[in-house]
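Participant: Below is the sequence, then the predicted model.
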Amino acid sequence: MLQRDYTTSQLDVLEAEAIHIMREVAAEFERPCLLFSGGKDSIVMLRIAEKAFWPAAIPFPLMHVDTGHNFDEVIEFRDRRSAELGARLIVASVQDSIDQGRVVEETGRRASRNRLQTTTLLDAIEEHEFDAVFGGARRDEEKARAKERVFSFRDDFGQWDPKNQRPELWNLYNSRIRKGEHIRVFPLSNWTELDVWDYIRREGIEIPSIYFAHTRKVFERDGMLLPDSEVVQRGDDEPLFEAVVRYRTVGDMTCTGAVQSTAATVEEIIEEIAATRITERGATRADDRSSEAAMEDRKREGYF
Amino acid sequence: MDILRFATAGSVDDGKSTLIGRLLFDSKAIFEDQLEAVERTSRDRGTEYTDLSLLTDGLRAEREQGITIDVAYRYFATPRRKFIIADTPGHIQYTRNMVTGASTADLAIILIDARKGVLEQSRRHAFLTSLLRVPHLVLAVNKMDLVDYSQERFEEIREEFTAFASKLNVSDLTFIPISALNGDNVVSRSENMPWYLGTSLLHHLENVHIASDRNLTDVRFPVQYVIRPQRATDPAFHDYRGYAGQVAGGVLKPGDEVVHLPSGLTTRIASIDTYDGPVEEAFAPMSVTLRFEDDLDISRGDMIARPNNQPAVAQELEAMVCWMADGVKLTPRTKLTIKHTTRTARAMVRDLHYRLDVNTLHRDEEATSLGLNEIGRVSLRITQPLFVDDYARNRLTGGFILVDEATNGTVGAGMVIDAR
């Protein structure tokens, strides 16, 4: 008889690990929630949550921090997907934070609500008394994230202290916190961009249409293609043109660039990513470009 | 394609960052924008070469001080395997970080500078690898170009290290002579060392057999979460009751007789469920949901095993503990929270038998406490029974963490050596 080889494929290992993390949180925290933006990572995270608790429904609400500057296609997808799952969707609005005077809108051509989101997020976590917040961040995205724990402790100001992180061994996660503190939990920590796409293909998961190639009016700024929209301030020296593009990441229209691409299917996207020589955040995110430690600084303040 | 998790130990001087940089670069896992950023920073600092350590040293403090403080995780893939690197700092004051990185590693690479030979820190890294029971160890003898690719020098180092390793629990030890800077024996075999008949480092990483490193003998299923749909996705599941968890050992099949701990009652597995349908067998690291033929009172923290192969049910543990706290020390009578598999309890230190010098392996039996980064043999008394195996037999049912009840910090990592 042939010896059975108990090899497990990389996607199965990553999925099993992510399911384990989700169940730990559901078992050990009182009020978890899952950040769902309609982006591909949070969509994968949502599928993992379905799998972790099946046949029961997902035992926590979804939350989206809506800057008001999101793509319509993504907002439509967000609402439809949450309704299909029968999940409770909490929308925390940056516009509300501005109206209440909690934050002040940036002005000028490069105005973005990216940084304002942190206040809205932390206020919502406090208001709903969430003690664990799932995020879809991956360690391969950015070098500060490469050092972050799966269970990432936040003090009662929502701050991350990268020099004072809890050691994380085996598959044992420390969920102890005091009231007012919370843990950010990253079940996809060990996934790469390619793993996420391979998983989307394998599972046949639907994603918003802007991930696929489409014709769009764009203009160029700092080597990035930004969309024509009333929320993006464009100068006279930044002419519009039509291009066939797709989005590698989905964030705010003001700081998320499109890439020129003809990839119209998940298979073609995977081929394109396998051949690409630039990271997804490097190609498409103005928010990471401001300095060498842009992400670390925002994360310290409580960013996603 | 499967996953190999490996830890690298060594300091910048040993060429560790250069080696990782080369593996990432040759497997196309470093992107142009990352390389440009590193080149720009190197230039700004007046460094003559492209300092690849800037890729892995992600925190501001690390870049400022030019050292690796914390474990960094890096990812790359070849057509054969996906790799997760836990890049750990080499200095003694970061022992806890190396212990953390090694806890999940299938393999560890220890770098040795061929000119300097086996140093104190090489021995420490080998000891920690063995303490954490990393199944495969590679000794990469680096900078061979600086010793004229000398076979004699390589053999000297091999003999010296082999003699030391015989005192440790190292089951698979491989020596590879490399030059990370020039790429000798990193990705492909080097023409500069025709006397070396083994494979390149990358070839070894791609082919080392890890599937049987997992424990496939002793059935261990720590119950993590009870699934009882209040609001089922389908009315057919209204009376569903399943026990979810990640398999920690053995192979489970429907129909198998199993024992529930702590009750000691036996039942049979009715079904192994997943979202994608029932499966015929489950083994580590699968996350599944078990249903049983009998209605037992089962909750989180319980254990499923086989009637003729059970873990120890123990409230007294003997363990090697690595202390990870900055301020407080571990002393007899210290009270802590212990997390072991899915069970959390309270623990009290009954005795500290000795503190181990991680450089010389000398046992100091006069020691009265363990400070940051110190390792010792400890007796613990636990408030409720834990279901444990020796760490040497199963890393998942033999490992535990200790949590400070005042600060909630993770202050210790333990490996069971005896339980009753």
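Facilitator: Ah, there it is. Not measured: the values here are computed from a predicted model. Residues are numbered from 1 along each chain as shown, chains lettered A, B, ... in the order given.
Participant: Could you pull up the contacting residues of the residue nearest to B:R189 when sequence neighbours are not counted?
Facilitator: Leaving aside its sequence neighbours, B:R189 sits nearest to B:S200 (CB to CB, 6 or more residues apart in numbering or on different chains; 5.4 Å). (Each C-beta comes from the backbone N, C-alpha and C, glycine too.) Counting by CB atoms under 8 Å, 6 or more residues apart in numbering or on different chains, B:S200 touches B:I176, B:N185, B:V186, B:V187, B:S188, B:R189, B:S190.
Participant: I'd guessed the fourth one sits against B:L202; true?
Facilitator: Yes. Here B:V187 reaches B:L202: they are 4.8 Å apart, a contact under CB atoms under 8 Å.
Participant: Now do the shared contacts for those two.
Facilitator: Common neighbours of B:V187 and B:L202, using CB under 8 Å, 6+ apart, are B:L23, B:D26.
Participant: Of those two, give the one with the bigger neighbour count.
Facilitator: B:L202 (21 against 16; other CB atoms under 10 Å in any protein chain shown).
Participant: what helix or strand does that one sit in?
Facilitator: helix B:201-207 (DSSP states H and E).
Participant: Output the contacting helices and strands for the helix or strand just after that helix.
Facilitator: Counting by DSSP H and E, the next helix or strand C-terminal to helix B:201-207 is strand B:221-222. Identification of packing neighbours for strand B:221-222 by 3 or more CB pairs under 8 Å, 6 or more residues apart in numbering or on different chains; DSSP states H and E yields strand B:242-246, strand B:303-305.
Participant: Relative to chain A, which of the ones you listed is closest?
Facilitator: strand B:242-246 (4.5 Å; CB to the nearest CB).
Participant: partners of the closest one in the sheet?
Facilitator: When pairing is defined by DSSP bridges, strand B:242-246 lines up against strand B:225-227 (antiparallel), strand B:287-292 (antiparallel).
Participant: Pull the distance from that strand to the chain's centre.
Facilitator: Offset of strand B:242-246 from its chain centre (CA atoms, centre = their mean, to the nearest Å): 24 Å.
Participant: Need the contact partners of that strand.
Facilitator: Contacts for strand B:242-246 (CB under 8 Å, 6+ apart): A:16, A:19-20, A:23, A:52-53, A:171, B:221-228, B:273, B:284-292, B:298, B:304, B:342.
Participant: Tabulate the CA atom coordinates of it in CSV.
Facilitator: Output of strand B:242-246 as CSV, limited to C-alpha atoms (Å, rounded to 0.1, in the frame of the first residue of the first chain):
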residue,chain,number,x,y,z
GLY,B,242,-20.6,20.9,16.3
TYR,B,243,-17.3,21.3,18.0
ALA,B,244,-14.9,23.4,16.1
GLY,B,245,-11.1,23.4,16.4
GLN,B,246,-7.7,22.9,14.7
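Participant: List the buried residues of that strand.
Facilitator: B:G242, B:Y243, B:A244, B:G245, B:Q246 (16 or more other CB atoms under 10 Å in any protein chain shown).
Participant: could you give the mean pLDDT of it?
Facilitator: Strand B:242-246 shows a mean pLDDT of 98 in the predicted model.
Participant: Check stretch B:26-45 too.
Facilitator: 72.
Participant: separation between A:R23 and chain B?
Facilitator: 4 Å (CB to the nearest CB, to the nearest Å).
Participant: That residue: what secondary structure?
Facilitator: helix (DSSP: H, G, I helix; E, B strand; the rest coil).
Participant: With distance to B:R381 and mean neighbour count added, can I get the strands paired with strand B:242-246 in JSON lines?
Facilitator: Below are the strands paired with strand B:242-246 laid out as JSON lines (distance: least, CB to CB, whole Å; neighbours: other CB atoms under 10 Å in any protein chain shown):
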{"stretch": "strand B:225-227", "distance to B:R381": "28", "mean neighbour count": "21"}
{"stretch": "strand B:287-292", "distance to B:R381": "31", "mean neighbour count": "22"}
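Participant: Take the ones you listed and write them to JSON lines, including mean pLDDT.
Facilitator: Output for the strands paired with strand B:242-246, formatted as JSON lines (pLDDT from 0 to 100):
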{"stretch": "strand B:225-227", "mean pLDDT": "97"}
{"stretch": "strand B:287-292", "mean pLDDT": "98"}
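Participant: who wins for proximity to B:Q121 among these?
Facilitator: strand B:287-292 (37.8 Å; CB to CB).
Participant: send the alpha carbons of that closest one over as CSV?
Facilitator: Taking Å, rounded to 0.1, in the frame of the first residue of the first chain, the C-alpha atoms of strand B:287-292 are listed here in CSV:
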residue,chain,number,x,y,z
SER,B,287,-9.5,23.5,11.1
VAL,B,288,-12.7,21.4,11.1
THR,B,289,-15.9,20.9,13.1
LEU,B,290,-16.6,17.5,14.7
ARG,B,291,-20.0,16.0,15.5
PHE,B,292,-20.3,13.0,17.8
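Participant: how near is the residue nearest to the spatial centre of chain A to chain B?
Facilitator: The centroid of chain A falls nearest to A:G136 when counting by CA atoms, centre = their mean (4.7 Å). In this view, A:G136 and chain B are 16 Å apart by CB to the nearest CB.
Participant: Leaving out chain neighbours, which residue sits closest to that residue?
Facilitator: A:D41 (3.3 Å).
Participant: Quick check: residues of the stretch 151-300 of chain B near chain A?
Facilitator: Contacts of the stretch 151-300 of chain B with chain A, taken as CB under 8 Å from any CB of the partner chain, map to B:211-212, B:214, B:216, B:224-225, B:227-234, B:237, B:240, B:244-246, B:251, B:273-276, B:283, B:285-287, B:289, B:300.
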